[in-house]
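Enquirer: Coordinates for the following, if possible.
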Amino acid sequence: MKTIIVIGGSSGIGRAIAAAFARQGAEVHVTGIEPPERLALDFEATAHQLDVRDEQAVGEFFAAFSKIDTLINCAGVIRRGGEEFTPRGFADVIDINLNGSQRCCHAAFDALKAAGGCIINTASMLSFFGSGAAPAYSASKGGIAQLTRSLAIAWAPQGIRVNALAPGWIATELTSALTQDPTRSAELVGRTPAGRWGTPQDLAGPALFLASSEAAFVTGVILPVDGGYAIR
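Expert: All right, here's what the predicted structure looks like:
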């Protein structure tokens, strides 16, 4: 049975990906900032509370696993109302989105090596271009792209593949302010060739592929799942 770890698997994209692996019969572990009893998962998985900013807690969590087939890093935040322009707000977003992913990759290394496993990070279309409203989020996702490529090079000799998904405009709690704004939502959908908002489930199939033996020769890839938004 495959062991799958989904960091930030309690909601949104992470939850949809975790559910997809659970349906395939994997042993799924999901983490969230919330206590496990508050997660109310509707699929077979073990829930854990984990703050990816806490290096000791991250190390202790991963020490419990002798092998990990796939690590999926989905923990992430965006700060609105200009908070990302402040030094404190900027640093907090970077610490969760980018440093948190790196902490998990580092802590999982031995268990991934033991399994010949893989990592799937969560980048963004903002990995490719910036945002005047979210400088910290954009910087963190640009960093995720380069972290993914760099670890892919460094860890290939150990049999560990490292890729990332780059979601486009996905309807989640993180984007609710935009989905509820008719004007802004219409602008975003109008630029998206697929003509709609994405759903968290749209990321599940690509994640399953990147984790599978069908992707055995795929590493260092930042895979857009954006309905064509980035090609406009």
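
Enquirer: residue contacts, residue 120?
Expert: Residues counted as contacts of residue 120 (C-beta atoms under 8 Å, 6 or more residues apart in numbering) are 70-73, 163-165, 207, 210-211. C-beta coordinates here come from the backbone N, C-alpha and C atoms, glycine included.

Enquirer: neighbours around the closest residue to residue 195 other than its chain neighbours, how many?
Expert: Nearest residue to residue 195 in three dimensions, chain neighbours excluded: residue 189, at 6.3 Å (C-beta to C-beta, 6 or more residues apart in numbering). Around residue 189 there are 16 other residues, counting by other C-beta atoms under 10 Å.

Enquirer: Pull up the gap between the residue sitting furthest away from the middle of the chain and residue 124, please.
Expert: Relative to the average C-alpha location in the chain, and by C-alpha atoms, centre = their mean, no residue lies farther out than residue 183, which sits at 28.0 Å. Separation of residue 183 from residue 124 (C-beta to C-beta, to the nearest Å): 22 Å.

Enquirer: Check which helices and strands the helix or strand of the chain at the bottom of the mean pLDDT ranking sits against.
Expert: When the helices and strands of the chain are compared on mean pLDDT, DSSP states H and E, helix 176-179 comes out lowest with a mean of 86. When contacts are defined as 3 or more C-beta pairs under 8 Å, 6 or more residues apart in numbering; DSSP states H and E, helix 176-179 sits against helix 182-191.

Enquirer: What residues sit buried inside the helix it packs on?
Expert: Of the residues in helix 182-191, those buried by neighbour count under the rule 16 or more other C-beta atoms under 10 Å are 185, 188-189.

Enquirer: What is it packed up against?
Expert: Under the contact definition 3+ C-beta pairs under 8 Å, 6+ apart, helix 182-191 sits against helix 176-179.

Enquirer: so for the helix or strand where residue 13 lies, what's the average pLDDT?
Expert: For residue 13, the element it lies in under DSSP states H and E is helix 12-23. Per-residue pLDDT over helix 12-23 has a mean of 97.

Enquirer: Tell me which residues of that helix come out buried.
Expert: When burial is assessed from 16+ other C-beta under 10 Å, helix 12-23 yields the following buried residues: 12-22.

Enquirer: and if you look at stretch 102-114?
Expert: By neighbour count on 16+ other C-beta under 10 Å, the buried set for stretch 102-114 is 102-105, 107-112.

Enquirer: Narrow those residues to those in helices?
Expert: Cross-referencing those with the helices (criterion: DSSP state H) gives 102-105, 107-112 as the overlap.

Enquirer: thinking again about what came up before, possible to save the buried residues of helix 182-191 as TSV with distance to residue 7 and pLDDT?
Expert: Rendered in TSV, the data for these read as follows (distance: C-beta to C-beta, whole Å; pLDDT from 0 to 100):
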residue	distance to residue 7	pLDDT
185	29	92
188	27	90
189	30	92
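
Enquirer: Tabulate these (TSV), appending distance to residue 80.
Expert: Formatted as TSV, the buried residues of helix 182-191 follow (distance: C-beta to C-beta, whole Å):
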residue	distance to residue 80
185	16
188	16
189	20
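
Enquirer: Now flag whichever of those is closest to residue 133.
Expert: Residue 133 lies nearest to residue 188 out of the buried residues of helix 182-191, by C-beta to C-beta, at 12.8 Å.

Enquirer: What is the burial count for the nearest residue to residue 149 once chain neighbours are set aside?
Expert: Once its chain neighbours are removed from consideration, residue 149 has its nearest residue in residue 220; the separation is 4.9 Å (C-beta to C-beta, 6+ apart). Taking other C-beta under 10 Å as the neighbour definition, residue 220 ends up with a count of 16.
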